[in-house]
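Asker: make a model of this:
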Amino acid sequence: MKFREDINGLRAIAVIAVVLFHFNSSLIPGGFAGVDVFFVISGFLMTSIIFRGLENNTFSVLTFYKARAVRIIPALLAVCITVLIFCWFFLMPLKLEALGRHVIGSVSFLSNILYWTESGYFDTSSQTKWLLHTWSLSVEWQFYIIYPIALIVLKKLFSLTNIKRILIVATVLGLGISIYASYYWPSPAYFLLPTRAWEMLAGGLVFLYPTTLSQPRKKHIEWTGLALIFLSYAFISKSDMWPGYLALIPVVGAALVILANNSNSPITSNKIMKNIGLWSYSIYLWHWPVVVIGHYFNIEYWAFVGIPLSILLGFISYTVIEKNKVTLKAIILPYVLILGFACIVSSNIGLFYNIPKMKLKAIVTNTETDQNGKYTWDKIRHLDQKDFAGKNKEKVLIIGDSQAGDFTNSLYDAGLNKNVDIVSRVVEADCGFFYLPPAEQNIAFSQSPTIKGNQMWQNKCRTFIKNVDKGDVVEQANVIILAMYWRDVNMNWIFKSIQNIRANNQHAKIYVIGGKSFNTPVSTLAYDAYKQQADLGHYAKMNIASNDLENRAVQNKQFEANAKLPEYNYTFINMTQVMCHSDRCDVIDKDGNSFYSDKRHTTRAGTKYIAEQLHKQQLFNEILAPENQ
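Answerer: The predicted model follows:
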């Protein structure tokens, strides 16, 4: 196919948007939609290659894969090994270990699945993941693997004309799946192929259904397409459901620009756009590690340096790597070596640091390595499906998020009394409160920094709060335990929620569980204490949460002050006093096992410790079994 100047320029428009968004999202709030433009371009180009081969009976899957590999892998390997070696000199063990896993995910083109399991794309923690942007390469590569095989199978069953019709249906169905999944499962919808494939299929339809246009008509269609793309960049933001129906705007826009095939466009065919388009893949690869450097070292006005540096690195990468065509054999050895090195880093991090094994345990414990997310949520989500059923049993209701999950695990580790019937109602942390009537919910949502303006999350929170009343468990409970990630900004609504719980149940014993978090993950505290040759317990005590989101001391005072007021009438469990004693906080056991998987969630060792403290401090005597049972 003849080189398309307009498509090359469209690549430039996409990469410019992505780079600007990542360096300063306020400049172009919807710049992440540039990735969707890339997907449309890929779909168009891959469909043109495959269908031409199928029509001429010359298509080879292995040749197709080989061409994709030598196009994509060399520059990707260069970025991965550069980042890995660069970070070796200053990352703490846990971060370098995670980077090793991320390199494995990137070069194996499974990073989208890996990042989906870790967190959301727009999370703050994403700015510390050096290869996060490779998720889109993984999605494309997975499409490259499946798409040609699917078309070959279809060709054995249908004519090419009918295959084209099938692809129209597949695109529409894919869009429907994307819209549905984006609403109910936003993180997997963002990262995974099933909700992204329709965008590449849409690009393919442009090739399969070409239109002959006059020059004036080309300009009109191109300008319409560009307008849609720029509208998506300007008016869509990371708070919007994505990639749901709104993704139609940049996708249709990109499809129209490609359909127009205007090789004389002043927008896509000028010299600047031509060069940026040629370098776009390499710019995309290098820009995100440059972004992370700015965040990691907290460099002020980094965009002014980082953006030109990204373009320079992209130009060098294109000139040195992409332009010099290599054979598949030439990349096999570097691929194996880099993959092997990353495997060693991710599985034997102690080899790279001279840290005693006992101290290293806590330093390398986190949610991923400890599989703590599953442990935290399993029991409380199971109990969320239950209503009170037991007769002559103490009815215990636990309401809250992952903090309630932690406390539930501790109660079970402590040993529940045989006469206890325990159920839960999950309300996730971003909701900020757990029991308000609809009118008050609307006011609280408008004030919440986590879900203000986010209709998807507001709907989810309404469902969570409605579920609290399911089975009349609030009215039936003899004991109600409230545990959440308490944020300072939500405290008024938290107390209003407690008041509403008390109003609906005058007889129950209510417990409010205080927060137990630190300013930074305990793994970081352990590493910093080791470097400073400080006692970890003392160091942890100095780092009890006192940040913009939560001031633990202030919250504890608020909870203690309101506990005996008649409209609340609850017992406050001060988790700072449970976890900390005099001038230290207990965050590891005698064998060096960490009590925390991050800054606020406990490991199995941590829940066991809390269970021991519940017995020792004689808390929950009315529902805990004696120690000898």
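Asker: CA only for contacts and neighbour counts going forward, please
Answerer: OK.
Asker: how about the strands of the chain, start to end?
Answerer: Using DSSP state E, the strands found in the chain span residues 394-400, 420-426, 479-483, 509-513, 571-573, 580-581, 584-585.
Asker: can I get these in TSV including mean pLDDT and mean neighbour count?
Answerer: Converted to TSV, those look like this (pLDDT from 0 to 100; neighbours: other CA atoms under 10 Å):
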stretch	mean pLDDT	mean neighbour count
strand 394-400	93	24
strand 420-426	93	25
strand 479-483	96	24
strand 509-513	96	21
strand 571-573	95	19
strand 580-581	90	16
strand 584-585	94	18
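Asker: for residue 386, which of those is the nearest?
Answerer: Closest to residue 386 of those, according to CA to CA: strand 420-426, at 5.8 Å.
Asker: who does that closest one pair up with?
Answerer: strand 394-400 (parallel) (DSSP bridges).
Asker: the partner strand vs strand 479-483, what angle?
Answerer: For strand 394-400 against strand 479-483, the angle by axes from the mean of the first three to the mean of the last three CA atoms, to 10 degrees is 20 degrees.
Asker: which strands or helices does the longest helix seen in the chain pack on?
Answerer: Scanning the chain for the longest helix, with DSSP state H as the assignment, gives helix 61-88. Packed against helix 61-88 by the contact rule (3 or more CA pairs under 8 Å, 6 or more residues apart in numbering; DSSP states H and E) you find helix 93-107, helix 135-157, helix 271-296, helix 328-347.
Asker: buried ones in that helix?
Answerer: 61, 64, 70-71, 73-81, 83-84, 87-88 (16 or more other CA atoms under 10 Å).
Asker: and if you look at stretch 177-191?
Answerer: Applying 16+ other CA under 10 Å to stretch 177-191 flags 177-183, 186-191 as buried.
Asker: for stretch 498-514, same thing?
Answerer: Buried, per 16+ other CA under 10 Å, within stretch 498-514: 498-502, 505, 508-514.
Asker: can those residues go into TSV with extra columns for distance to residue 196?
Answerer: Shown next, in TSV, are the buried residues of stretch 498-514 (distance: CA to CA, whole Å):
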residue	distance to residue 196
498	42
499	45
500	43
501	43
502	47
505	48
508	49
509	49
510	46
511	45
512	43
513	42
514	41
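Asker: any idea which of the residues you listed is closest to residue 270?
Answerer: Nearest member of these to residue 270, counting by CA to CA, is residue 514, at 60.6 Å.
Asker: where does the protein have low pLDDT?
Answerer: Applying pLDDT under 70 to the chain flags residues 1, 119-125, 368-372, 390, 416-419, 621-629.
Asker: any idea how far residue 524 is from the residue lying farthest from the centre of it?
Answerer: In the chain, the residue that sits farthest from the middle, by CA atoms, centre = their mean, is residue 214; the gap is 45.4 Å. Residue 214 sits 63 Å away from residue 524, going by CA to CA, to the nearest Å.
Asker: tell me which of the helices and strands packed on helix 61-88 sits most buried.
Answerer: Highest mean neighbour count of the helices and strands packed on helix 61-88: helix 93-107, a mean of 24 (counted as mean count of other CA atoms under 10 Å).
Asker: what is that one packed up against?
Answerer: Counting contacts by 3+ CA pairs under 8 Å, 6+ apart, helix 93-107 packs against helix 61-88, helix 111-118, helix 328-347.
Asker: how far out from the middle of the chain is stretch 611-622?
Answerer: Averaging C-alpha positions (CA atoms, centre = their mean, to the nearest Å) puts stretch 611-622 37 Å from its chain's average.
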